[in-house]
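K.L.:
A structural model of the following input is requested.
(2 chains)
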There are 2 protein chains.
Amino acid sequence: MTSLSTEDEVEARLRDIGARRYHRLHPFHHLLHGGRCTKGQVQAWALNRYYYQAMIPIKDANLIARCDDPALRRNWRSRLVDHDGEGEHDGGIARWLKLTDGLGLDRDYVVSLRGLLPATRFAVDAYVRFAREKTLLEAIASSLTELFSPEIISERLDGMLENYDFVSPDTLAYFVKRPPQAARDSDFALAYVKRHARTPQMQQAVFGALEFKCDVLWAMLDALHYAYVAPKHVPPDAFVPNE
Amino acid sequence: MTSLSTEDEVEARLRDIGARRYHRLHPFHHLLHGGRCTKGQVQAWALNRYYYQAMIPIKDANLIARCDDPALRRNWRSRLVDHDGEGEHDGGIARWLKLTDGLGLDRDYVVSLRGLLPATRFAVDAYVRFAREKTLLEAIASSLTELFSPEIISERLDGMLENYDFVSPDTLAYFVKRPPQAARDSDFALAYVKRHARTPQMQQAVFGALEFKCDVLWAMLDALHYAYVAPKHVPPDAFVPNE
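P.N.:
Just a heads-up that it's a prediction; the model follows:
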């Protein structure tokens, strides 16, 4: 039998999961930031990651749709604002498309998802469905990878600006805006999870939810690495870089 | 605008999708049959593929649950019998576990799914949900990879018996039983799809369903190849072979 952990122990365990399983540890992450990716590999990454960005508001709306508490819905709504913005050229998805534009990818092609790796689609769709089908507590806990994202994003920003002449501060606007949003959101979600995981079973479910989400992000980088770095087996009909 | 294809053209297009995208073309398939896998790689393949086998009756029950026609339900029910058998030691899943037993994997470990690659889970779950959420026509069309399976299975049977001293005809019983079932099932599904795809849109949806299913099988082999062949990056907590 697992016993009940204190709130501090829950937080420590969550941070330990991040320390062991967050995709910052993935070899593709090191290549990307270390300037060892070709432009085509960066394009493939941005193209595939676009699908993740595009589905995040749908994941969050699924989560809001399951909240009885108006205060929780209001809080979570800020995530929709962050990603979808106040107008067509605002918000995280629009900023991600500035990145894919800046990398020379055709916007219609990116948005069409025609070049997506199937593994990206399966992993992202698994995340959206997790937020729809698991308990609300687990859905909220699965967002907790944001606890670890400010650091990875600043590594990414610095590493990419320093190493790639095909990116600029303007095309990387997404990464400037994102860390304070992520910090605010993950503080809220962490406090929620610590307060509401009131049984050993609920605490285990929370840990499982964060592990699941780490698996989603990790599997996305596995697929990119396999298709575009080594051994470079691009699945049928997926994006093939020019260079 | 796409125009309406004849039934023969629909069949030709489906067979062409198989010829280009079925996982028989995947490099892992060639390694497996050609005797170039280690025992640990064959174990990893059997362990991951177990999850696919285990979820097939759930996929099929989801499909049956959506059929208004008793005749169609009765026909599709034979797939449940094939996989779940008439008793504990009968059926495709039980025969798959004879394979994992024969490969020296602990049965409780296999069934627990603890060692599964996350990408396997995401791909297989995408298939189960496809059968639940898409149209009945698309759900049936997604089973059509069975059109191409008798050939791959006989290659697998011959190649594995010839090349690996750790397998025997007894542990490979699954592959002896399966081809006539697959041929019967795919004949039925192909006739159904040809008859019921009555608009260009429905025909396109049928082609898309088969492409989707090819992507599922392909992504499973991508993940195996990446984790266990090259560059051998096993994701956190997934199965690690002893040898």
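
K.L.:
Where does the closest residue to A:K213 other than its chain neighbours sit: helix, strand or coil?
P.N.:
Once flanking residues are discounted, A:K213 sits nearest to A:S142: 4.4 Å by Cβ to Cβ, 6 or more residues apart in numbering or on different chains. Backbone N, C-alpha and C define where each C-beta goes, glycine included. When classified by DSSP: H, G, I helix; E, B strand; the rest coil, A:S142 comes out as helix.

K.L.:
From chain B, how far out is A:S142?
P.N.:
Distance, A:S142 to chain B, by Cβ to the nearest Cβ, to the nearest Å: 13 Å.

K.L.:
What's the separation between A:R36 and chain B?
P.N.:
As judged by Cβ to the nearest Cβ, A:R36 and chain B stand 14 Å apart.

K.L.:
re earlier: let me see the contact set for the residue nearest to A:K213.
P.N.:
Contacts for A:S142 were tallied using Cβ atoms under 8 Å, 6 or more residues apart in numbering or on different chains; they are A:Y127, A:F130, A:A131, A:K134, A:A209, A:L210, A:F212, A:K213.

K.L.:
biggest separation within these, which pair?
P.N.:
Of all pairs drawn from the contacts of A:S142, the greatest distance, 13.3 Å, lies between A:A131 and A:L210 (Cβ to Cβ).

K.L.:
got a list of contacts for the helix or strand where A:S149 lies?
P.N.:
Secondary-structure element containing A:S149, defined by DSSP states H and E: helix A:149-163. Helix A:149-163 is contacted by residues A:22-24, A:29, A:32-35, A:42, A:167-169, A:172, A:175-176, A:178-179, A:182-183, A:186 when judged by Cβ under 8 Å, 6+ apart.

K.L.:
Just the buried ones from the residues you listed, in ChimeraX syntax?
P.N.:
Buried residues within the contacts of helix A:149-163, by 16 or more other Cβ atoms under 10 Å in any protein chain shown, are selected in ChimeraX with:
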select /A:22,23,24,29,32,33,42,167,172,175,178,179,182,186
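
K.L.:
Contact residues of chain A facing chain B?
P.N.:
Counting by Cβ under 8 Å from any Cβ of the partner chain, chain A comes close to chain B at A:20-21, A:27, A:117-119, A:121-123, A:125-126, A:129, A:211, A:214-216, A:218-219, A:222-223, A:225-227, A:230-231, A:233, A:235-237.

K.L.:
Pull out the buried residues from the residues you listed.
P.N.:
Using 16+ other Cβ under 10 Å as the burial test, the residues of chain A next to chain B include A:21, A:117-119, A:121-123, A:125-126, A:129, A:211, A:214-216, A:218-219, A:222-223, A:225-227, A:233, A:235 as buried.

K.L.:
Among those residues, name the ones in helices.
P.N.:
A:21, A:118-119, A:121-123, A:125-126, A:129, A:211, A:214-216, A:218-219, A:222-223, A:225-227 (DSSP state H).

K.L.:
what comes up buried for the worst-scoring helix or strand of chain A on mean pLDDT?
P.N.:
Lowest mean confidence among the helices and strands of chain A (mean pLDDT, DSSP states H and E): helix A:149-163, at a mean of 91. By neighbour count, with 16+ other Cβ under 10 Å as the criterion, the buried positions of helix A:149-163 are A:S149, A:P150, A:I152, A:I153, A:E155, A:R156, A:L157, A:G159, A:M160.
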